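Colleague: what's the 3D shape of this:
(one chain, ligands or ions: 2)
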Amino acid sequence: MEALPIPSDTYKLGFIGAGKMAENIARGVVQLGLMPPSRISTSHSNPLRRTAFESFGVSILSRIDDVIEECDVVIFSVKPQAGEEMSFELELIEFLFLSKKSRLTSEAITFKKKLLVSIAAGIKMKDLEEWPGQSRFIRVMPNTPSAVGEAASVMSLGGSATEEDADIIAKLFGSVGKIWRGDEKLFDAVTDLSGSSPAYIYLAIQALADGGVTAGLPRELALGLASQTVLGAATMATKTGKHPCQLKDNVTSPGGTTIAGIHELEKGGSRGTLMNVVIAASNCSREVSQN
Ligand SMILES: NC(=O)C1=CN([C@@H]2O[C@H](COP(=O)(O)OP(=O)(O)OC[C@H]3O[C@@H](n4cnc5c(N)ncnc54)[C@H](OP(=O)(O)O)[C@@H]3O)[C@@H](O)[C@H]2O)C=CC1
Ligand SMILES: O=C(O)[C@@H]1CCC=N1
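Modeller: Residues are numbered from 1 along each chain as shown. Ligands and ions are numbered 1, 2, ... in the order given. A predicted model of the protein is given here:
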């Protein structure tokens, strides 16, 4: 199929699945100025979800098919795990999530002019590309900090996606954070590390703040200090280019407070635990991919 170019400065962006990730990405794209909200749309039956998007100017269309019809770049942001409970409006979603391959007909909505992007964990490119209605797919694994312009995303191109398509998606996700290009075989591991880790870091912030409260700090100050410290440490790691061990050594005075804290972390096996956390998430991703 011949690829039809997407107008890179005027294209319309749509989300199928008006959930947390769609909101995070749309909010980031609008707040960080990549495109006005008037060029973004989605659809949802729940008034609360509609209001969440309308509050920053995104259009809510009455049917998912309208989003598909109207938009040049369509991001699939539904949950793969939720598929079996859903009554789907789109044959593509049925195909991907319910495996109703036999229901596809030549009358299926044509996506030939569209660039389709899946951010769904565990849905493989080969399954996306089996769908006969369209072959220009890009997989992206973003994370929730896209809402504040600090996403860590990886993208992988399907066989028929063009370099122009790649530029559009690099710019789109690059406007809400950093994006790398990687082989699709890395996607389960990417999902486990950058997709899931914000949750682990929030738990770490909460635990550090609780420690501060235990040591006598007011709750608000403890939470502010913990959050800003994680931000500062992450910025040091990304901006100085120094190895984490060196950065750790710079904090650790001989006989000081930090090494006493590190001793506790090592006694608790914290580094092994974090590695195990990523491995556990990885096993889960592989299970989702195989279903
Ligand atoms: N959360 C995260 O940190 C990340 C998530 N992802 C991926 O992003 C995707 C979305 O995740 P997330 O935003 O967290 O999930 P949510 O449950 O918040 O959002 C999914 C949305 O899709 C809607 N939906 C489901 N099926 C359909 C359908 N057939 N037609 C229309 N809408 C539908 C849901 O509706 P309803 O509200 O009625 O349930 C919900 O609003 C998943 O595939 C996940 O793997 C990727 C990276 C990070
Ligand atoms: O937990 C999940 O399945 C999704 C994928 C990455 C982050 N959240």
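Colleague: now for residue 218, how many residues are close by?
Modeller: Burial of residue 218 is recorded as 10 neighbouring residues (other CB atoms under 10 Å). C-beta here means a position set from N, CA and C on the backbone, and glycine is covered the same way.
Colleague: for the closest residue to ligand 2 within the stretch 51-200 of the chain, what are its contacts?
Modeller: Closest contact between the stretch 51-200 of the chain and ligand 2, by CB to the nearest ligand atom, is at residue 195 (3.0 Å). Listed by CB atoms under 8 Å, 6 or more residues apart in numbering, the contact set of residue 195 reads 121, 141-143.
Colleague: could you dump those residues into JSON lines with neighbour count added?
Modeller: Output for the contacts of residue 195, formatted as JSON lines (neighbours: other CB atoms under 10 Å):
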{"residue": "121", "neighbour count": "21"}
{"residue": "141", "neighbour count": "29"}
{"residue": "142", "neighbour count": "27"}
{"residue": "143", "neighbour count": "23"}
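Colleague: now narrow these to whatever sits close to ligand 2.
Modeller: residue 121 (CB under 6 Å from any ligand atom).
Colleague: can you list the contacts of residue 195 in CSV and add distance to ligand 1, pLDDT and secondary structure?
Modeller: Converted to CSV, the contacts of residue 195 look like this (distance: CB to the nearest ligand atom, whole Å; pLDDT from 0 to 100; DSSP: H, G, I helix; E, B strand; the rest coil):
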residue, distance to ligand 1, pLDDT, secondary structure
121, 3, 89, coil
141, 6, 97, strand
142, 5, 98, coil
143, 5, 97, coil
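Colleague: quick one: the helix or strand harbouring residue 271 near ligand 1?
Modeller: Assigned by DSSP states H and E, residue 271 falls within helix 270-290. No. Judged by CB under 6 Å from any ligand atom, helix 270-290 and ligand 1 are separated, with a smallest distance of 8.0 Å.
Colleague: can you start the count at 40 instead of 1 from here on
Modeller: Sure thing, new numbering starts at 40, so read that last one as helix 309-329.
Colleague: gap between that helix and the chain center?
Modeller: With CA atoms, centre = their mean, to the nearest Å as the basis, helix 309-329 stands 17 Å off its chain's centre.
Colleague: average pLDDT across the helix or strand containing residue 278?
Modeller: Taking DSSP H and E as the definition, one finds residue 278 inside helix 258-279. The average pLDDT for helix 258-279 rounds to 98.
Colleague: right, and the helix or strand after that helix?
Modeller: Later in the chain than helix 258-279, the nearest helix or strand by DSSP H and E is helix 283-290.
Colleague: mind listing what's buried in that following helix?
Modeller: Judged by neighbour count using 16 or more other CB atoms under 10 Å, helix 283-290 contains no buried positions.
Colleague: so what's residue 193 bridging to?
Modeller: In this entry, residue 193 is beta-bridged to residue 180, residue 219, by DSSP bridges.
Colleague: how far away is it from residue 230?
Modeller: For residue 193, the distance to residue 230 equals 9 Å [CB to CB, to the nearest Å].
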